[in-house]
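**Q** Here is my input; please provide its structure:
(chains A, B, C, D, E and F)
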Protein chains: 6
Amino acid sequence: MKKVITFGEILLRLSTEKHLRFSQATNFNANYGGGEFNVAVSLANFGHKAEFVSRLPQNDIGQSALQEIRKQNVDSQNMLFGGDRLGIYFLETGAGSRGSKVVYDRAQSAIAEIETGMIDWKTVFQDADWFHWSGVTPAISANAAAVCLEAVKVAHEMGLTISADLNYRSKLWKYGKEPKEIMPALLHFSHVILGDLDTAFFMTGKEKVHPDYQDTESLPALYDTLFKEFPNLKIMATTLRYSINASHQKIGGILYDHKNIYTSPIREANPVVDRVGSGDAFMGALIHGLLQEDNNLQRTIDFSVAACCLKHSIAGDFNLATLEEIQQLASGDSSGIVSR
Amino acid sequence: MKKVITFGEILLRLSTEKHLRFSQATNFNANYGGGEFNVAVSLANFGHKAEFVSRLPQNDIGQSALQEIRKQNVDSQNMLFGGDRLGIYFLETGAGSRGSKVVYDRAQSAIAEIETGMIDWKTVFQDADWFHWSGVTPAISANAAAVCLEAVKVAHEMGLTISADLNYRSKLWKYGKEPKEIMPALLHFSHVILGDLDTAFFMTGKEKVHPDYQDTESLPALYDTLFKEFPNLKIMATTLRYSINASHQKIGGILYDHKNIYTSPIREANPVVDRVGSGDAFMGALIHGLLQEDNNLQRTIDFSVAACCLKHSIAGDFNLATLEEIQQLASGDSSGIVSR
Amino acid sequence: MKKVITFGEILLRLSTEKHLRFSQATNFNANYGGGEFNVAVSLANFGHKAEFVSRLPQNDIGQSALQEIRKQNVDSQNMLFGGDRLGIYFLETGAGSRGSKVVYDRAQSAIAEIETGMIDWKTVFQDADWFHWSGVTPAISANAAAVCLEAVKVAHEMGLTISADLNYRSKLWKYGKEPKEIMPALLHFSHVILGDLDTAFFMTGKEKVHPDYQDTESLPALYDTLFKEFPNLKIMATTLRYSINASHQKIGGILYDHKNIYTSPIREANPVVDRVGSGDAFMGALIHGLLQEDNNLQRTIDFSVAACCLKHSIAGDFNLATLEEIQQLASGDSSGIVSR
Amino acid sequence: MKKVITFGEILLRLSTEKHLRFSQATNFNANYGGGEFNVAVSLANFGHKAEFVSRLPQNDIGQSALQEIRKQNVDSQNMLFGGDRLGIYFLETGAGSRGSKVVYDRAQSAIAEIETGMIDWKTVFQDADWFHWSGVTPAISANAAAVCLEAVKVAHEMGLTISADLNYRSKLWKYGKEPKEIMPALLHFSHVILGDLDTAFFMTGKEKVHPDYQDTESLPALYDTLFKEFPNLKIMATTLRYSINASHQKIGGILYDHKNIYTSPIREANPVVDRVGSGDAFMGALIHGLLQEDNNLQRTIDFSVAACCLKHSIAGDFNLATLEEIQQLASGDSSGIVSR
Amino acid sequence: MKKVITFGEILLRLSTEKHLRFSQATNFNANYGGGEFNVAVSLANFGHKAEFVSRLPQNDIGQSALQEIRKQNVDSQNMLFGGDRLGIYFLETGAGSRGSKVVYDRAQSAIAEIETGMIDWKTVFQDADWFHWSGVTPAISANAAAVCLEAVKVAHEMGLTISADLNYRSKLWKYGKEPKEIMPALLHFSHVILGDLDTAFFMTGKEKVHPDYQDTESLPALYDTLFKEFPNLKIMATTLRYSINASHQKIGGILYDHKNIYTSPIREANPVVDRVGSGDAFMGALIHGLLQEDNNLQRTIDFSVAACCLKHSIAGDFNLATLEEIQQLASGDSSGIVSR
Amino acid sequence: MKKVITFGEILLRLSTEKHLRFSQATNFNANYGGGEFNVAVSLANFGHKAEFVSRLPQNDIGQSALQEIRKQNVDSQNMLFGGDRLGIYFLETGAGSRGSKVVYDRAQSAIAEIETGMIDWKTVFQDADWFHWSGVTPAISANAAAVCLEAVKVAHEMGLTISADLNYRSKLWKYGKEPKEIMPALLHFSHVILGDLDTAFFMTGKEKVHPDYQDTESLPALYDTLFKEFPNLKIMATTLRYSINASHQKIGGILYDHKNIYTSPIREANPVVDRVGSGDAFMGALIHGLLQEDNNLQRTIDFSVAACCLKHSIAGDFNLATLEEIQQLASGDSSGIVSR
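**A** Take a look at the predicted model:
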């Protein structure tokens, strides 16, 4: 059993029901989620020790988020308490050719106002094997970016494997810095990166490329640009998403280890119950695959794609599919027959 | 900003949830809608001044309808109050090969018992640019038909553009007149008609034809039959609906201006959240297109089809898609990606 | 009007809403259903006299089940009352490639503890034309199996037509007997059997076969193995299910009368609202077809497949589609247009 | 086991939830009920054979009403089918000093358009012991009043006991007749009348009185005025209602048999879950009491008051309290302890 | 018909259902409300022209608030659009001895970041008779306080009647100023003040007093302290609240016009459906009373108390009781009988 | 921070909403609870280390119970997994004079089939200060009683304080033993007992007494009968419940320490949101009080009564009131004012 630490934000998610538009809603479903926490939930479900480090306001909303963390069997022993509010995101779930819509309301959240030195990373990383962060956290505020860098450095010193999900959200980078000013220093220490090449090039200040993910011959050269820049990088993975419409998605994946390209069969998610968190499902499954001793990278990318696909059938931010369900789909069985 | 007046009925819509059959329902969703009001909502959403003229009973159900009109930013300054009841329609939402089911309960509604002279159409049409009516109103009662004719005549005198949606509902024509006895006089003053050729021929007392909407060569001759009969007619449009099943529809459209046939690409609505009101969404978009100064008929038919298609993804009678969302689909992007 | 008796278990069905996983549910929809009762509901809907014989606990849950039986117009005049509890099954409704999940909680139910002699079958079968049972009942307990045999024998003596749905559920056969020790004696008296060949061979202790249901040439020989063993057998039917995923099913059917093979066109159920009870919908429609005087077996299999398909669009255990709706689909019209 | 026939209207009841005002409601709870049917439900619950005679439209709403009748174990073998619509009433449930609000929408209902001769009352009353009607039915339409008189006369000829609940609703008498023109002929044949003296005097065209129900000395003289006019009258009962506010009611009752006054202790209903149908609960309990062989009138009035009081704790139109629960409260135990 | 302008904040209100604690909630009811807007809704319901001036963010949440404003028939023609977010408050509705709980999340709201000069008050007050503000607005931010002062000054110049609800919320005054530094300048121009003496003294920097509201002899002297300080003050009113528990409140009121004390009978709110907004209901009713031509101050205070009391029976922030309902309670009838 | 272990059953609780009767319910709220677990939740909320020991089936229902345990911050490190089913109880929530109704469905639950030796109590009690059990556990089955005795003995050996809630449920003792055959051996080791004297005498085989809890003079002699029999007994407490009706309860309490009687003021719970678990709220608060260092028994009984009273305002089995809320009520403030 491995221990994985994730660091980031958990938000109150307020979503409309039954595909209602915001203006039609008279109530919101209330859930809690956020990229890095979602990864921790996946890992806890797969049987790992998962711990989530963040900062929660000391009010009833923060307390409810804490209860959700506990419910999902994710450790919260190093949680910070303070700040004024929990970040919120509003979600309107689309259908057919009408896409889902997210309204962010996460300014001045507790985690945005975190400060370096608040978290004792040495204690946090005691006995831990893996540290995961994502590009959302340094996007929130200069403070959050600084704490993220602090974490990555200590994790590196203490020998943890470090993974990053690039997770570029243009609406979040509003505190005066651009990704290319912040991300390279953070990625420098990362061994595993999830993201597409466009995003990776953009966030690290490179010129735009137009990768053809079907052309597996030409891909290594593009990926290698990043491997050259980031000396610790061992694995880079990319989620491929073909969006037929909001209710019908096709998911593929590519994994590259500086030697070989591994690609997964395309899986269909139809209908889509909830696609938020499907990238995090991919990330959690990727870490799980890489934590296996047999180091089977083909199985890892197949498992990651199946996890991502199954997440689309589950409401809320979390991938609550079981190991067995994911393995069944990874093995090619998408029949969805009744289990009884 | 143009001002459009629509006249007709607003009903209480009682629909079962979650595809339940009527006999399974222990509650009904309560909304308000009706063909001509739905058109007004579309136009208000597109930024026009829209006003709805009708008659509401002076009880709490009528009052609730009035609040919905206000909420949708539709003017109600010339609303009449009186009569005994608001018309009702019950809706059971189908799925797959089981179609939706409507039970009408609209006899003796306030609008059915309206009388000529009750509405001061000269005042209503002051400053207005466009008047829209549909074939549902003259179907309700002889009185409603008479008031509709009254309106059309005044609108004509005052120089408004007049549009009509044929909207044939066989279950409604029960007061002893057939469409062909009533509709021609009304259509005589209309500049824009929405409807398929079958319906138009039937409602104007012509022999049945079997138009092939793929055969754009032969269509003008059929449409011209109507252009000859109705001297004010400038534009006729037809919604094409290919019903794969209740949850999967394909939508196209044809527009003819006595010179050219304009056809739109087919758009898919899959899954269908709610198809009631999708024809009204087409109509509202058609008026919007024709109100544009550039008079681009190809863009108008493409926009109308996209509006109709997107409506299927929205619960309730109204098309709450934004101009931007419709234009995005009209331009061919149906990917439905998350907006965040 | 024919009178059909069905015997078996009715359960409290607790299902999660909106595709939620069990761990996400804060409430359960509460319905009542069970294979043999579902068949009775279909027959009552088709206009037959249907009676359900079972045993209900004398508490509020049993009483609620009784009210559902009455609501569905199924006779309960010979219902037994006693025992401790109503059986329960929990249902998590899947979507896409995630299948639905059933958790049974039906041990020690009232019907499992029924005893021979409790039911006066001679009285029950007075005026009845048909008796239906399924393989679920003998699977519950030795007692239930014994009462089932008792029923079948009396029905045989009194000249009723007897039908059986094999309905193999591996999780239920837990009281120490295998199907092959119990089922042959029961099937001996049956005139109509619904089931696939694999199951029929397994439950009657034969070696596994790999039938190719497309190969209608070779099928008679396989079916004949059963016709030889069961001298009363007149009709055997098989539901063909092609599971694209949990939300998309294709349904076909085969009927064999010891002479000819009748096959139905494949029908699509997409999306699936609820697939539980779709086999019972097939069974109920099959009995209805065989009760018709014209003995049209092609129409019977087409009708059964259409009924099964339409059931997928209806929530709960019952097929609440009307005769007209099923006939429309059986005739090839799956367009699902709005009825208004 | 006695057989009681009730005749009148069953309506679709659309009520707001959680004390919402009509203008706040986005859905309505859908139930079915109506004075005379509610009485039948009470009697079925108490173990009698209860049958309801009415007229239902042949649409899905009428069918759903029929299913509710069956569910409540009330016989519907003589139900008529026809007409255009089921009557509706909208209910907004008040709280505290804000009273509940009813909006009737029952014009042109199937029962309002019934005609004499449609029901074969001789067949209906075969084997029946009791016939119950209420003042709501003759208020609906001249036709309904005529059929009610028809029924009362046949019931009288066939020797049934006849009961009437005066049930005056001023908003309903709109077809041109006043109660005093219609009710005396109907009451002429009734043996049991439920109503207060004010209403009885008004509906029979007498001068207004101001009865003091605490003054049991003076009451007999007032009641005797009615006993003198109506020769078949044996029992008159009055429900006393002290309305503290919409959520707190006190209920008493008086029964007079032309000799003695029987009064019940006052019972408190606090909080009120739903007071609609509480008068019908009183009526149903009164009939049950009078059907007992011991003819204990004190027990009858106590039971009727307890039934009326308990109804206030039950949502919907029906009194679903059990005999035992009512007897417990009638005996003075209002502690409401948990039964487990 | 008088025209009243109110200025302040409208918030998204997220409340738990069925008395659930925050940690139990899986969804929130979503409404829109806020002190000054609630007053506008009351006035619109009473038949006045009411306009609400505020600032809304240009996102879907702000748009939904705007739709609610329209639905309530409140004018929004001078609404500003801009800023990042709509303020939120979370509400947990208590019961019995457990009080309700509010969690504010309104920092950095659109209105908090308003700036002087943004609103053209001269245009806003054109044709207006009355301007209403409350102590919540200057508590939000220095900017909001400055704009409030700007408004009050222009209103004064233009001769409007000005009213203020003191509405002290200790959790809101967080930008570095104390009420006594801000409020006196604002109150200087106000003609009508609603508040208790404690609050008024505190907010204007006076020493604490212990008023005995039963002692109507001594009250004038205390109120006169304020009349001396604020030369424009004509009427001061105080809501008296006796909190038996969270579900049972008693409401009284005092009005003083520098000459006489007017007191209202105490009214009971039991049970309390929702007490948020009950002070605003009092304020709205007070303005309505003072807008009447007969200047009957006793009727005004009685009406205000009845409005406040009835609000407790209505879910959400608004007093949706009608004039007639309030007058009925003000006249002493709290029986809450069913209106049908 | 003290560590408390509780042992017993956690059940799936299926309750009807909005005071519906079982026969009206179309869905059930799903919660998890049970006497001994409820006590653990209270203690966790009060800041203690609480651990719950039980046995859960390895299916999704057992897993959901486990998630609830985690959510409530109760340790489950020694949980056993096995058995067939989780016990269920159905709850119909009464109102006014209609009491709530519980239907137990807990036969053959995982905990009922536990066996001695399955739990390593020495490990469980490592570092623990207190062990709590209740009379429900030995009532379930002979096995559960045996394991309970096993636990009590080890706890005694290891020096833990042991508490017991007598919790007599007549419907549960069905395995052939009477309480008096089982309970004395268990109570022998207990230091704290919660229960009324009637129950204590009945369960320990003594003659019935009629204690007058107002007569604090005579009570010690009765309590002393138990202190004499059980040598380890230090504190006995009794909850006093005065049931006005199902929606209005009055709660008091008595505590006796073999020297003095401590009584609490009576607290009112009106209205009652949910009274299930209120006894467990008392028990949890009692343990909390006794764990305080100052040993203030008056404060302890006041706190316990306030906790019990507040629980009635909270839905579900758990007392989710905070320390501060309980202390506020214990100090006499029941005003329930809004916290904002």
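**Q** List the buried residues for stretch A:246-255?
**A** Across stretch A:246-255, burial judged by 16 or more other C-beta atoms under 10 Å in any protein chain shown covers A:Ala246, A:Ser247, A:His248, A:Gln249, A:Ile251, A:Gly252, A:Gly253, A:Ile254, A:Leu255. C-betas here are computed from N, CA, C, even on glycine.
**Q** Tell me how many other residues crowd the closest residue to the third one other than its chain neighbours.
**A** In other words, A:His248. Spatial nearest neighbour of A:His248, excluding adjacent residues (C-beta to C-beta, 6 or more residues apart in numbering or on different chains): A:Asn270 at 4.4 Å. Other residues near A:Asn270 come to 25 when the count uses other C-beta atoms under 10 Å in any protein chain shown.
**Q** thinking again about what came up before, could I get the buried residues of stretch A:246-255 in CSV, plus columns for pLDDT?
**A** Listed next are the buried residues of stretch A:246-255 as CSV, based on pLDDT from 0 to 100:
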residue, pLDDT
A:Ala246, 97
A:Ser247, 98
A:His248, 98
A:Gln249, 98
A:Ile251, 98
A:Gly252, 98
A:Gly253, 98
A:Ile254, 98
A:Leu255, 98
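**Q** So which of those residues sit within strands?
**A** Secondary structure from DSSP state E places A:His248, A:Gln249, A:Ile251, A:Gly252, A:Gly253, A:Ile254, A:Leu255 of these in strands.
**Q** Chain B: which of these is nearest?
**A** The closest of these to chain B turns out to be A:His248 (C-beta to the nearest C-beta; 7.4 Å).
**Q** Would you convert the ones in strands among the buried residues of stretch A:246-255 into JSON lines that also reports distance to C:Thr123?
**A** Below are these laid out as JSON lines (distance: C-beta to C-beta, whole Å):
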{"residue": "A:His248", "distance to C:Thr123": "56"}
{"residue": "A:Gln249", "distance to C:Thr123": "59"}
{"residue": "A:Ile251", "distance to C:Thr123": "60"}
{"residue": "A:Gly252", "distance to C:Thr123": "64"}
{"residue": "A:Gly253", "distance to C:Thr123": "65"}
{"residue": "A:Ile254", "distance to C:Thr123": "71"}
{"residue": "A:Leu255", "distance to C:Thr123": "70"}
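**Q** right, and out of those residues, which lies closest to F:Ile69?
**A** A:Ile251 (34.6 Å; C-beta to C-beta).
**Q** Was I right to think the closest one contacts A:Ser243?
**A** No - the criterion here is C-beta atoms under 8 Å, and A:Ile251 misses it with A:Ser243 at 10.0 Å.
**Q** how close does A:Thr161 sit to chain C?
**A** Shown here: A:Thr161 relative to chain C, a distance of 29 Å by C-beta to the nearest C-beta, to the nearest Å.
**Q** Quick check, that residue in contact with A:Trp130.
**A** Yes - A:Thr161 is in contact with A:Trp130 according to C-beta under 8 Å; the separation is 4.7 Å.
**Q** Number of residues surrounding the residue of the stretch 51-200 of chain A found nearest chain C?
**A** Using C-beta to the nearest C-beta, the closest approach of the stretch 51-200 of chain A to chain C is made by A:Lys71 at 8.4 Å. Other residues lying near A:Lys71 total 19 when counted by other C-beta under 10 Å.
**Q** Could you find the closest non-adjacent residue to it?
**A** With C-beta to C-beta, 6+ apart, the residue lying closest to A:Lys71 is F:Lys71, at 3.8 Å.
**Q** and the residue of the stretch 151-300 of chain A found nearest chain B, what is it in contact with?
**A** Of all residues in the stretch 151-300 of chain A, A:Ala246 sits closest to chain B, at 3.0 Å by C-beta to the nearest C-beta. The contact partners of A:Ala246, taken as C-beta atoms under 8 Å, 6 or more residues apart in numbering or on different chains, are A:94-100, A:272, A:275, B:313, B:336-338.
**Q** Repeat the analysis, applying 7 Å as the threshold.
**A** A:Gly94, A:Ala95, A:Gly96, A:Ser97, A:Arg98, A:Gly99, A:Ser100, A:Val272, B:Gly336 (C-beta atoms under 7 Å, 6 or more residues apart in numbering or on different chains).
**Q** What values do phi and psi take at it?
**A** Dihedral pair for A:Ala246: phi -60, psi -20, per degrees, to the nearest 10.
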